[in-house]
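Q: Predicted model and sequence below, questions to follow.
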Amino acid sequence: MEPAPGVWWQGVKRRVPPGPHHGKLEFEPLQDTTPNRYALESDDSEDDVTLNTYPNASKQLKKPKVTYNIDFVWNEDASTVSGNQTYVALGEAGLIWASGTSLDAPRAQVRLNEDSVASVYCLQPNKDGVGVTVVVLQYQLPIDAMHLFASVVLSTLRPKSVVVVDEYSHPAYISSERTPPLDPPIRYLQTQKSSFKPLAATASFQTPNLLLSPSASFLSILEMEEKPGLLVLLPLPHIPHPPPSTTTPLRLSVHWPESQIKVLHSAIVKSGNWVWDARLAKNAGRLTVTKKAKRRLSDSMNMYI
């Protein structure tokens, strides 16, 4: 049956114009066919490409959230500890700096679950009666444990001011100024209540750079509590691995110039009786733990931009 001129033909979505060719329909079969099933509905048993292609594959289960418990284990009466000012040594830079400051035996250990992750040292009060406490972190902490570690240290020692020694990656640092790769500066970051006066050999730590270490938590808490806080950062010549998923012992792999660490020490320590000795810093390995670190498979698979 031929369609009448100027009418709609059933199943065809365009009008057939009158003319000598009206007995021959020109239509697109793919346009008028029934849509595929997967375009109309979804069936997990048939449309899950992963399960159909790999029958043994299963959906990843969420890992249980790890609960961290941090406490202080004192070697003597905590009431004898006087710490109006606290220094926190983090990363390899903190270990190198703390090892050259002739610290005595630790007064306490900071335990994270089953690991003693940090040692607490106390110096004799100076002539002004100001006691100094030094906290040396000997482990790399997971991101979820960093803020808790900083919070417990500050709430336990309750210092009036805090100085944190850490490191930053110079190759990954974003700056509008061109800095020679062989002469990166010591950078600093401070709270509004800090009275630190920058030295000529130091430069401020600017945005949009980020810190993936407990030092960010320390300064955030100090800023919220309106206390003086100062962070000084030694430059790393490489891009470090991201924070581990579990506590991992620190390993020393960088050696900074002696003159640069002395500049850092003079910037944060005003007392002439407390000096930094490069000969003592050569034994920085004594502050590291002897627990064998397990190599993480993901370390060799990380990519950086």
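A: Noted; the coordinates are in hand. The shown structure was predicted, so the numbers you read here are calculated from the model rather than taken from an experiment.

Q: quick one: residue 280 and residue 112, what's the gap?
A: From residue 280 over to residue 112 the distance is 27 Å, taken as CB to CB, to the nearest Å. Bear in mind the C-beta positions are built from the backbone N, C-alpha and C, glycine included.

Q: more neighbours, these two?
A: Using other CB atoms under 10 Å, the more surrounded residue of residue 280 and residue 112 is residue 112, with 20 against 16.

Q: Name the residues linked to that one by a beta bridge.
A: In this entry, residue 112 is beta-bridged to residue 70, residue 115, by DSSP bridges.

Q: can you pull the contacts of it?
A: By CB atoms under 8 Å, 6 or more residues apart in numbering, residue 112 lies in contact with 68, 69, 70, 139, 141, 145, 149, 247.

Q: What about these, which are in strands?
A: Per DSSP state E, strands hold the following members of the contacts of residue 112: 70, 139.

Q: My understanding was that residue 253 contacts residue 92; is that so?
A: Yes - assessed by CB atoms under 8 Å, residue 253 is found in contact with residue 92 at 6.8 Å.

Q: which residues of the stretch 151-300 of the chain fall in strands?
A: 161-169, 186-190, 202-204, 229-236, 248-249 (DSSP state E, counting those that start in this stretch).

Q: what's the closest of those strands to residue 175?
A: strand 202-204 (8.7 Å; CB to CB).

Q: Just checking: what are the partner strands of that closest one?
A: By DSSP bridges, strand 202-204 pairs with strand 186-190 (parallel).

Q: quick check: angle from the partner strand to strand 229-236?
A: Angle between the axes of strand 186-190 and strand 229-236 is 160 degrees (criterion: axes from the mean of the first three to the mean of the last three CA atoms, to 10 degrees).

Q: circling back: pull the most distant pair out of the contacts of residue 112.
A: Farthest pair in these, by CB to CB: 69 and 139, 14.9 Å.

Q: Comparing those two, which residue is more hemmed in?
A: Taking other CB under 10 Å, residue 69 and residue 139 do not tie; residue 139 has more neighbours (23 against 11).

Q: who does the more buried one bridge with?
A: According to DSSP bridges, beta-bridge pairing links residue 139 with residue 249.

Q: Identify each buried residue in the helix ranked longest in the chain, please.
A: Secondary structure of the chain per DSSP state H: the longest helix is helix 143-157. By neighbour count on 16 or more other CB atoms under 10 Å, the buried set for helix 143-157 is 145, 146, 147, 148, 149, 150, 152, 153, 154, 156, 157.

Q: What ranges in the stretch 101-250 of the chain fall below the confidence cut-off?
A: Along the stretch 101-250 of the chain, segments meeting pLDDT under 70 span 125-130, 179-181.
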